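> Got a sequence here, can you model it:
(chains A and B)
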Amino acid sequence: DQQVKQNSPSLSVQEGRISILNCDYTNSMFDYFLWYKKYPAEGPTFLISISSIKDKNEDGRFTVFLNKSAKHLSLHIVPSQPGDSAVYFCAAHPFGNEKLTFGTGTRLTIIP
Amino acid sequence: DAGVIQSPRHEVTEMGQEVTLRCKPISGHNSLFWYRQTMMRGLELLIYFNNNVPIDDSGMPEDRFSAKMPNASFSTLKIQPSEPRDSAVYFCASSFSGSVYEQYFGPGTRLTVT
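Next up is the predicted model:
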């Protein structure tokens, strides 16, 4: 049972344009959502997060949007840079439970 | 400040051998997680500890896998006996479970069982 789904295994975007990565979840108990970025041969690194009481969180070029009614979140990267090429995972956990459930990841390639 | 440290980075072993993976969490973090990443199943949680106590081991595949956390600065994941299907990248992560649960990952151990 895949509770966190990233339906696009890969995405290619031109440098300077906007990258939009999507994530859907099924568990209504999820309360906190995170995005991680992973380069080859490295561990995932935390990128940005959002609580269920918000619908948007920004950090520099990165913005995460949460639509609770649709059980959908997205990560926007503007403008996209070559260094953004990586695999992006979304993850979620219920309130008070630190057990993260990860999606399967989306490989983002930024084309110079 | 050092991040999560894992050793070895690469391990190649023969089927039937015992494998021990090691992890040193970030100082001050009180939760530790072991994950396995494979092409088929993605990133899956095997077990996690809070204050050195195992909280959830429901992801441990079978009795061949065991994990310990004897103190706040060290944890091991052991596979005995190892099988080819255990080949994967194993990550350790740590966090401070005081507020939001952002986990910090180590570089991983790539295990190959032949």
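> Please name the bridge partners of B:Phe33.
The residues paired with B:Phe33 through beta bridges, assigned by DSSP bridges, are B:Tyr48, B:Ala93.
> Just give the nearest non-adjacent residue to the closest residue to chain B within chain A, would you?
Checking chain A residue by residue against chain B with CB to the nearest CB singles out A:Gly43 as nearest, at 3.2 Å. Just so you know, the C-beta spots here come from the backbone N, C-alpha and C atoms, and that holds for glycine as well. Closest residue to A:Gly43 in three dimensions, ignoring its sequence neighbours and counting by CB to CB, 6 or more residues apart in numbering or on different chains: B:Phe105, at 3.2 Å.
> B:Ser7 - how many residues pack around it?
Counted with other CB atoms under 10 Å in any protein chain shown, the burial measure for B:Ser7 works out to 14 neighbours.
> Tell me the predicted confidence for it.
In this prediction, B:Ser7 carries a pLDDT score of 97.
> quick one, strands of chain A?
All strands of chain A, identified by DSSP state E, fall at A:4-5, A:10-14, A:19-25, A:30-38, A:45-51, A:56-59, A:62-67, A:72-77, A:86-94, A:101-102, A:106-111.
> Equivalent analysis for chain B, please.
B:5-7, B:10-13, B:19-24, B:31-38, B:42-50, B:53-56, B:65-71, B:74-79, B:88-95, B:104-105, B:109-113.
> quick one: which of the ones you listed is nearest A:Ala92?
Within the strands of chain B, the stretch nearest A:Ala92 is strand B:42-50; the backing value is 12.5 Å (CB to CB).
> the inter-axis angle of that closest one versus strand A:30-38?
For strand B:42-50 and strand A:30-38, the angle between their directions (axes from the mean of the first three to the mean of the last three CA atoms, to 10 degrees) works out to 120 degrees.
> what's strand B:42-50 packed up against?
Of the remaining helices and strands, those touching strand B:42-50 by 3 or more CB pairs under 8 Å, 6 or more residues apart in numbering or on different chains; DSSP states H and E are strand A:101-102, strand B:31-38, strand B:53-56, strand B:65-71, strand B:74-79.
> swap the cut-off to 10 Å and go again
If you count contacts as 3 or more CB pairs under 10 Å, 6 or more residues apart in numbering or on different chains; DSSP states H and E, strand B:42-50 packs onto strand A:86-94, strand A:101-102, strand B:31-38, strand B:53-56, strand B:65-71, strand B:74-79, strand B:88-95.
> returning to what we had before: so what's the residue count around the residue of chain A closest to chain B?
Burial of A:Gly43 is recorded as 22 neighbouring residues (other CB under 10 Å).
> wait, it sits on A:Phe89?
No: counting by CB atoms under 10 Å, no contact exists between A:Gly43 and A:Phe89, whose distance comes to 11.1 Å.
> which residues do these two both contact?
Shared contacts of A:Gly43 and A:Phe89, defined by CB atoms under 10 Å, 6 or more residues apart in numbering or on different chains, comprise A:Tyr36, B:Gln37.
> Enumerate every residue touching the residue of chain B at minimum distance from chain A.
In chain B, no residue comes nearer to chain A than B:Phe105, which is 3.2 Å away by CB to the nearest CB. When contacts are counted by CB under 10 Å, 6+ apart, B:Phe105 touches A:36, A:38, A:42-46, B:3-4, B:6, B:33, B:35, B:43, B:91-94.
> If anything else comes up later, I'll come back, but that's it for now.
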